[in-house]
Structures are given as structure tokens and as C-alpha cells.
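Peer 1: Any chance you could fold what I've pasted below:
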Amino acid sequence: MGFRIAICPMAPLYAATKAAGDLLRETGDLRPCMEREVDFPAFNRMIGLEELRALEASFSPRG
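Peer 2: Numbering: from 1, shown residues only. Reported below is the predicted structural model:
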């Protein structure tokens, strides 16, 4: 097809979901994975939420 790179943005989510499911089946507890989680503000920074909100605002009608 001529592509040099293929991006699979859902792969990390699928891997994390499988790991959480495996841990839950094995131990019945997800608390051990909490040390590896990011908090909500850090997640928002990672996905660039402020930039996305600015882009969204640029398309919103000014009232």
C-alpha cells in the first residue's frame, strides 16, 4: 500500500485491559496496579486536553 508506518492507537489500551483482567482473575484485586497508574490531571496533560479544548473553542461560535 505504500505506507511507511502504521499506528495502532488502541494497542496500549487493549494491553492494559488484558493486564488488569488477568490481575483481577488471579488476585481478585486491582490495587496492586494502582502504583503504575497516572492520575487524572497527568492523563489530561498526556493527551493534550488543554490544546484540544483550545482547538474546540476556535470552532465554537462566539456568543
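
Peer 1: Would you mind giving both backbone torsions of the closest residue to M46 other than its chain neighbours?
Peer 2: Nearest non-adjacent residue to M46, counting by CB to CB, 6 or more residues apart in numbering: V38, 6.8 Å away. Every residue, glycine included, has its C-beta placed from N, CA and C. V38 adopts backbone torsions of phi -100, psi 150, taken as degrees, to the nearest 10.

Peer 1: before we move on, what SS does A6 have?
Peer 2: coil (DSSP: H, G, I helix; E, B strand; the rest coil).

Peer 1: circling back to that earlier point, give me the number of residues near the residue nearest to M46?
Peer 2: 10 (other CB atoms under 10 Å).

Peer 1: Begin at 34, not 1, for the rest of this chat.
Peer 2: Fine by me, first position is 34 from now on; the one you just mentioned is V71.

Peer 1: Could you list the low-confidence segments of this structure?
Peer 2: Per-residue confidence for the chain (pLDDT under 70) gives these ranges: 96.

Peer 1: quick one on the thing from earlier: roughly how far does the residue nearest to M79 sit from R78?
Peer 2: 9 Å (CB to CB, to the nearest Å).

Peer 1: again with E68
Peer 2: Separation of E68 from R78 (CB to CB): 19 Å.
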